[in-house]
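1. Kindly return the folded structure for what I paste below:
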Amino acid sequence: MTSRLLVLSVILLAAAPALAQTDFMSLGKKALQSVEGQSGGGGGNASLGAGLSDGEITTGIKDALRVGTQKAVAAVGHAGGFLNDTNVHIPLPGPLAKIKMGLSAIGAGGLAEDLEQRINRAAETAAPLAAGIFGDAVGAMSLQDARGILTGPSDSATQYFKRTTTPQLTQAIKPIVDQSLSNAGAVKSLNTLTTTAKALPLPPSLDLDLGNYVTGKTLDGIFFYLAQQEANIRANPAARTTDALRAVFQ
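-> Alright, predicted model coming up:
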């Protein structure tokens, strides 16, 4: 019996460090989960705005949105804003892109390149129109909207604008895009390209609404840079250019 007790004591002593390690690991894991739970988890910003009044929060968020949208529109609404920027450059629509190589084979590749340049020019002309619509959306924002943006994920403002302004932006920008496509010679270029494509061995169907396509891509470009600006304001103190911004995002 004595020998058995001795053996058991040795086994327990040998296992003690491992048992302690297991217990400490378990406690550490629980503590980490507790901290993550308190910080909001999931990429949220629940602690932002703590101690600020409703008015201060709303003013700070509206300042962030005004700064972000103005810079996003400025990033693309100028000559080369779409054409020379690989992040937002508008390629030819799928059916036209597919025949680009075929056109090159018959010495007409320049037609596709010319059209691609013209549709990017049209987007650059139409983009500045978004500024006023964004401004209206900022003015109509509620406290609940502002709090949701402040404490939500890092692209909450961008997603807010997508939800609330896309229909109005599309309706307002589409006629400008159509006119810009015409003024830039894109419609004429498209007709020439379509006629030439008929000479290809297997000409595809080129029945497409170029205006709708360019309008959608114009909005994609604006929202791309809006997301960039929003992330910069949240992460970079130097981007917080007003007192209200600094107070909310400190």
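
2. check which helix or strand covers the spatially closest residue to residue 192 that is not a sequence neighbour.
-> Counting by Cβ to Cβ, 6 or more residues apart in numbering, residue 192 lies nearest to residue 111, which is 6.0 Å off, once chain neighbours are set aside. Where C-beta positions appear, they are placed from N, C-alpha and C, glycine not excepted. Assigning secondary structure by DSSP states H and E places residue 111 in helix 109-126.

3. How about residues contacting that helix?
-> For helix 109-126, contacts defined as Cβ atoms under 8 Å, 6 or more residues apart in numbering pick out 76-83, 89-92, 96, 99-101, 103-104, 173, 176-177, 180-181, 183-186, 189-190, 192-193, 196, 210, 213-215, 217-218, 221.

4. show me what contacts residue 155?
-> By Cβ under 8 Å, 6+ apart, the contact set of residue 155 is 227, 230-231.

5. So residue 95 sits against residue 213, correct?
-> No - between residue 95 and residue 213 there is no contact under Cβ atoms under 8 Å: 10.2 Å.

6. neighbour-wise, which of these two wins?
-> Neighbours were counted for residue 95 and for residue 213 using other Cβ atoms under 10 Å; residue 213 has more, 17 against 14.

7. How are the strands of this structure distributed by residue range?
-> Applying DSSP state E to the chain gives no strands.

8. domains for it, by residue range?
-> Under automatic domain parsing, the residue ranges defining each domain of the chain are 1-38, 54-249.

9. Going by mean pLDDT, which of those comes out lowest?
-> Lowest mean pLDDT of the domains of the chain: domain 1-38, a mean of 40.

10. hey, where'd the helices end up in the chain?
-> Using DSSP state H, the helices of the chain run over residues 2-38, 54-76, 94-105, 109-126, 130-139, 143-151, 156-183, 186-197, 210-235, 243-249.

11. With just CA atoms, put the shortest one into CSV.
-> Read that as helix 243-249. Extracted as CSV, the C-alpha positions of helix 243-249 are listed here (Å, rounded to 0.1, in the frame of the first residue of the first chain):
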residue,chain,number,x,y,z
ASP,A,243,-12.7,70.6,-34.0
ALA,A,244,-15.9,68.5,-34.2
LEU,A,245,-14.1,65.7,-36.1
ARG,A,246,-11.2,65.7,-33.6
ALA,A,247,-13.6,65.5,-30.7
VAL,A,248,-15.6,62.6,-32.1
PHE,A,249,-12.8,60.4,-33.4
